[in-house]
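**Student:** what follows is a predicted structure for the sequence shown.
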Amino acid sequence: MDSKIMNGMSEDDLVERLTRRLPVNGRVIAGAGDDCAAVRVPGRKELQLLKTDCLLEGVHFLREHAGEKVGWKALCRAISDIAACGGRPDAALVTIAAPADLDVGYLEAIYRGLRQAARRYKISIVGGETARSPGALFLSIALTGWVKRTRLVLRGGGRARDALFVTGRMGGSLESGRHLKFTPRLDEARWLVKNFDIHAMMDLSDGLGTDLPRLAKASRKGYAVDREAVPRHRGRTPEQAVGDGEDYELLFAIGARDVARLAAAWRLRFPRLPLTRIGTLLADRSRRTPLASGYAHFSDCQPPAKSGS
């Protein structure tokens, strides 16, 4: 690999470059590039899901944020990815690298938040690693989960003319502090895969403007989106709803013939959570509605995590 400055390089390009030759065996159903890895386990009817995620001070949170909320977010980000594959979480490992001047009470608060999330979603925290950081506070979560083989949903199964739906509302998560106290759509995702043929799904962490192109690329499809239809929090513009990120809602593709049944059943099962059709997958991969860009890790113009409640 030749030397190249990462600044300005897209996260997707970097991941593809680094993972293109990773070794995998015949047990691997899905590897790098999806919300979770999925592997067969001898003697188990279910597939095991594997996920890692990290939080970096100054990017995903600030020191002024309550430690309990940082811990909650750290585990719930990984739970959201397990949900996006239709699975249930199981066991977690926690790695923390902390600067020497950090108050140990802050780390204890982070672990209180981790325990709160673990109890809420029936997860065992089974160990991890601690280290000294020369700079920012860093947390990494490794989370396992399980999913029935017939219910695994990945990004790449979308079909032409599929309807595109999102849960909840979007925009302004960093400014409002919602990125520290969101609810992973675990129950909703498991209900969806149990009752409907969901062709493709992912969680919206980097913003619809970044994540929808990922789903479409994996599915080898284009897309048409009604930007005005994208559900947004009060006071947010369509551009903010598409580009702000950190919403952790579900984006999924479903056959057009199931749309009416889905809408009716969703209203009965989740009456307080909006479900919105925002567009359609297209057979022509080159047809894509222009959207405001979401978060990009290696851009030089991305803001750090903002203060929130």
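**Tutor:** All right, it came through fine.
**Student:** and stretch 204-216, how far out from the chain's middle?
**Tutor:** Averaging C-alpha positions (CA atoms, centre = their mean, to the nearest Å) puts stretch 204-216 10 Å from its chain's average.
**Student:** residue ranges with poor pLDDT in this protein?
**Tutor:** 1-10, 12, 294-309 (pLDDT under 70).
**Student:** show me the domain layout of this structure.
**Tutor:** Domain segmentation of the chain under automatic domain parsing yields 11-151, 155-282.
**Student:** bridged to the residue nearest the centre of the chain, which residues?
**Tutor:** Centroid check for the chain by CA atoms, centre = their mean gives Asp203 as the closest residue, at 3.8 Å. Beta-bridge pairing of Asp203, defined through DSSP bridges, involves Leu250.
**Student:** returning to what we had before: ranking the domains of the chain by burial, who's on top?
**Tutor:** Among the domains of the chain, the stretch with the highest mean neighbour count (mean count of other CB atoms under 10 Å) is domain 155-282, at a mean of 19. Any C-beta I mention is one placed from the backbone N, CA and C, and that applies to glycine too.
**Student:** what's the span of that one, first residue to last?
**Tutor:** When the termini of domain 155-282 are compared using CA to CA, to the nearest Å, they are 15 Å apart.
**Student:** please state the offset of it from the chain centre?
**Tutor:** How far domain 155-282 lies from its chain's middle: 11 Å, per CA atoms, centre = their mean.
**Student:** that older thread, distance to Thr289 for the domains of the chain - can I get that in TSV?
**Tutor:** Formatted as TSV, these follow (distance: least, CB to CB, whole Å):
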stretch	distance to Thr289
domain 11-151	19
domain 155-282	4
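**Student:** before we move on, back to that, the residue nearest to the centre of the chain touches Gly245, doesn't it?
**Tutor:** No - using CB atoms under 8 Å, Asp203 is not in contact with Gly245; the gap is 11.0 Å.
**Student:** with adjacent residues omitted, what lies nearest to Arg287?
**Tutor:** Using CB to CB, 6 or more residues apart in numbering and skipping residues adjacent in sequence, the residue nearest Arg287 is Gly222, 3.7 Å away.
**Student:** okay, the one you found and Pro213: tell me how far apart.
**Tutor:** Counting by CB to CB, to the nearest Å, the separation of Gly222 from Pro213 is 10 Å.
**Student:** which residues do these two both contact?
**Tutor:** Common neighbours of Gly222 and Pro213, counting by CB atoms under 8 Å, 6 or more residues apart in numbering, are Arg288.
**Student:** in contact with His233, which residues?
**Tutor:** Going by CB under 8 Å, 6+ apart, His233 touches 169-172, 176, 241.
**Student:** those helices in the protein, which residues are they?
**Tutor:** Ranges of helices in the chain, per DSSP state H, are 11-19, 67-84, 104-120, 173-176, 186-195, 208-219, 238-243, 259-269.
**Student:** surely Pro274 and Ala229 touch.
**Tutor:** No - here Pro274 lies out of contact with Ala229, judged by CB under 8 Å, at a distance of 11.3 Å.
**Student:** shared neighbours of these two, anything?
**Tutor:** With CB under 8 Å, 6+ apart as the test, Pro274 and Ala229 reach no residue in common.
**Student:** one step back: dump the helices of the chain into JSON lines; add distance to Phe61 as well.
**Tutor:** JSON lines is the format used below for the helices of the chain (distance: least, CB to CB, whole Å):
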{"stretch": "helix 11-19", "distance to Phe61": "19"}
{"stretch": "helix 67-84", "distance to Phe61": "5"}
{"stretch": "helix 104-120", "distance to Phe61": "10"}
{"stretch": "helix 173-176", "distance to Phe61": "10"}
{"stretch": "helix 186-195", "distance to Phe61": "22"}
{"stretch": "helix 208-219", "distance to Phe61": "20"}
{"stretch": "helix 238-243", "distance to Phe61": "20"}
{"stretch": "helix 259-269", "distance to Phe61": "32"}
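**Student:** between those, which gets nearest to Thr150?
**Tutor:** Of all those, it is helix 186-195 that lies closest to Thr150, at 8.7 Å by CB to CB.
**Student:** quick one: the closest one to helix 259-269, angle?
**Tutor:** Using axes from the mean of the first three to the mean of the last three CA atoms, to 10 degrees, the inter-axis angle of helix 186-195 relative to helix 259-269 is 140 degrees.
**Student:** on contacts alone, who are the packing partners of helix 186-195?
**Tutor:** For helix 186-195, the elements it packs on are helix 67-84, strand 88-98, strand 198-204, strand 249-254, judged by 3 or more CB pairs under 8 Å, 6 or more residues apart in numbering; DSSP states H and E.
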